[in-house]
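# Build me a model:
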Amino acid sequence: MDKKVLGIDLGGTTTKFAILNLDGEIQQKWSIETDILDEGSRIVPNIVASINHRLNLYQMTAEDFIGIGMGTPGSVDRQAGTVIGAYNLNWKTLQPVQAAIEAGTGIPFAMDNDANVAALGERWQGAGDNQPDVVFITLGTGVGGGIIMEGRLLHGAAGCAGEIGHITVDPEGFQCTCGKRGCLETVSSATGVVRVARQLAEEYAGDSKLKAMLDDGQAITSKDVFDFAKEEDDFAIMVVDKVCFYLGLACGNLGNTLNPASIVIGGGVSAAGEFLRSRVETYFQEFTFPQVTESTQIKLAELGNDAGVIGAASLALQFVD
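Numbering: from 1, shown residues only. Coordinates of the predicted model:
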């Protein structure tokens, strides 16, 4: 039997698993609920039990696998195989994840931050076309990212490389949870889009269904903003334009600094699709110099929810002889 790799995408609600061949094709997929009770002490034992159960089900053994890779929230020490500070998992203390999973499965194990891992997935099997230089931005509840240069994921001195959400795009802007002002995350995350809408609504006097909802005290989502913009609601278009200006500015700075082959945009907000991408690209072209404008593409992510497990599985390729 050809050797396999196993990818794990550990999230606060669900833990996803996939078995892939070495070409990155998913052959089996499943998921379990992430049990964060008792300070997350059940998470790793549940992962081990689920893997062993599935291997038994598929009549496979540890010898069939080159390795396991996992993406996780929190601060990852890749050498020590530990995680700390994954608060959505209730992991408040240092977790010796690698030692426990290797002991429980008998398979070599590697892990990295979940945003980095999603970047690896999009680079390997998605919009990154397996190019050596790819930047990935994920627009969700927050804004995360990963930077792959010359085929290697960048981590930085403190493991903070790729924290694209904390690029400053408006020095006088909103307060960020990180402690500083005007981070990309404050204006281009799902909550950030709504925040921009609320701010701009204060001065907008024209006719708009979106503005009327806000004035009426109704809750809105980033999807609402983009849906109204696609229906040519003038106020919604103004909000989208502002969000895309900030995104284009951040992408322009990344392009001028790193000159990747592509900047790939994923996450929930990217469901706005070409409507979002084309506007970000317009501002990106405004903020880049010609050689970068011509050589770096703005793309939409292609893998959706599979980016995490595919990227995680790619971490296991380091165990190939």
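
# Give me the contacts around the helix or strand hosting residue 9.
Here residue 9, judged by DSSP states H and E, is contained in strand 4-10. Strand 4-10 has contacts (Cβ atoms under 8 Å, 6 or more residues apart in numbering) with 15-22, 27, 34, 43, 47, 51, 60, 64-73, 89, 107, 114, 117, 308-317. In short, each C-beta sits where N, CA and C put it, glycine included.

# rerun that using 6 Å as the cut-off
16-20, 64-66, 68-72, 308-309, 312-313, 316 (Cβ atoms under 6 Å, 6 or more residues apart in numbering).

# ditto for stretch 219-231
Residues contacting stretch 219-231 (Cβ under 6 Å, 6+ apart): 190, 193-194, 197, 209-210, 213, 236-237, 239-240, 269, 272, 275.

# Local confidence estimate at the residue nearest to residue 101 when sequence neighbours are not counted?
Leaving aside its chain neighbours, residue 101 sits nearest to residue 109 (4.8 Å; criterion: Cβ to Cβ, 6 or more residues apart in numbering). pLDDT for residue 109: 98.

# what residue ranges in the protein are flagged as low confidence?
The model of the chain has pLDDT under 70 over residues 1.

# and it, what are its domains?
Using automatic domain parsing, the domain parsing of the chain gives 4-120+306-319, 130-301.

# Just put those in a markdown table and tack on mean neighbour count.
Formatted as a markdown table, those follow (neighbours: other Cβ atoms under 10 Å):
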| stretch | mean neighbour count |
| --- | --- |
| domain 4-120+306-319 | 19 |
| domain 130-301 | 19 |
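
# Among the contacts of stretch 219-231, which lie within helices?
Secondary structure assignment by DSSP state H places 190, 193, 194, 197, 209, 210, 213, 236, 237, 239, 240, 275 of the contacts of stretch 219-231 in helices.

# how far does stretch 28-37 stretch from start to finish?
End-to-end distance of stretch 28-37 (Cα to Cα, to the nearest Å): 28 Å.

# Identify the residues contacting that stretch?
Residues from elsewhere that reach stretch 28-37 (Cβ under 6 Å, 6+ apart): 13, 14, 15, 16, 17, 18, 19, 42, 46, 50, 89, 90.

# Pick out the most distant pair among these.
19 and 90 (27.8 Å; Cβ to Cβ).

# In a helix, residue 260, correct?
No - using DSSP: H, G, I helix; E, B strand; the rest coil, the assignment for residue 260 is coil, not a helix.

# Next secondary structure element downstream of the strand holding residue 9?
strand 14-21.

# Give the pairing partners of that next one; include direction for each.
strand 4-10 (antiparallel), strand 26-33 (antiparallel) (DSSP bridges).

# Relative to the whole chain's centre, how far out is the first one?
Which is strand 4-10. 16 Å (Cα atoms, centre = their mean, to the nearest Å).

# Same check on stretch 157-169?
For stretch 157-169, the distance to the chain centre is 13 Å (Cα atoms, centre = their mean).

# Can you give me the end-to-end span of that stretch?
23 Å.

# Show me where this protein has its strands.
Taking DSSP state E as the criterion, the chain contains strands spanning 4-10, 14-21, 26-33, 65-72, 75-77, 82-84, 109-113, 134-139, 143-149, 152-153, 262-266, 297-300.

# Format these as a markdown table; extra columns: distance to residue 172.
As requested, the strands of the chain are exported to a markdown table (distance: least, Cβ to Cβ, whole Å):
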| stretch | distance to residue 172 |
| --- | --- |
| strand 4-10 | 37 |
| strand 14-21 | 39 |
| strand 26-33 | 43 |
| strand 65-72 | 35 |
| strand 75-77 | 30 |
| strand 82-84 | 34 |
| strand 109-113 | 30 |
| strand 134-139 | 22 |
| strand 143-149 | 19 |
| strand 152-153 | 33 |
| strand 262-266 | 25 |
| strand 297-300 | 26 |
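
# Right, I'll call it a day here.
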